[in-house]
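Novice: model this:
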Amino acid sequence: MPATLRVRHEAIGVEVRRGTYDVVVDGNRAGAVELHGTLETPVEPGRHTLQIRNGRNSSRTATFDADEGQVIAFRCSGKNILPVFLLSFIVPSLAISLRRERAAS
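Specialist: Okay, the predicted model is just below:
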């Protein structure tokens, strides 16, 4: 039985970098998630990488372990504090934040 990866695109307040984000699992596009939307995709048990992309902008790569039947949840957003937002023009991997959440199966 595979695990489930759940990615939610959510921001509180105004998000400058809006749009649809590509969800990349283990280097392959697994789907897309829109603002206030959620993507759920099955993943095999084991270690995986996750990155969120929008053109040249991306999140840092997150690594997670999945067990059979487990729900692994992340939240992404294009909203950052001002210094990180400005730095993201030079370092595009800082443009999108990616945080792990507790899954409420």
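Novice: all contacts plus neighbour counts: C-alpha atoms, from now on.
Specialist: Noted.
Novice: How about Leu98, nearest residue that isn't a chain neighbour?
Specialist: In space, and not counting its chain neighbours, Leu98 is closest to Cys76: 4.5 Å by Cα to Cα, 6 or more residues apart in numbering.
Novice: Ok, Thr49 next?
Specialist: Thr63 (4.4 Å).
Novice: Return the helix or strand in the chain with minimum mean pLDDT.
Specialist: Within the chain, no helix or strand scores below helix 82-87, which has a mean of 83 by mean pLDDT, DSSP states H and E.
Novice: and the longest strand anywhere in the chain, what other elements does it pack with?
Specialist: In the chain, taking DSSP state E as the definition, the longest strand is strand 46-54. Packing partners of strand 46-54 (3 or more Cα pairs under 8 Å, 6 or more residues apart in numbering; DSSP states H and E): strand 21-25, strand 62-66.
Novice: just those: most buried one?
Specialist: When you average the neighbours per residue for each of those (mean count of other Cα atoms under 10 Å), strand 21-25 leads with a mean of 20.
Novice: ok, and what's touching the next helix or strand after it?
Specialist: Counting by DSSP states H and E, the element after strand 21-25 in chain order, helix or strand, is strand 28-33. When contacts are defined by Cα atoms under 8 Å, 6 or more residues apart in numbering, strand 28-33 is touched by residues 7-9, 20-24, 39, 41.
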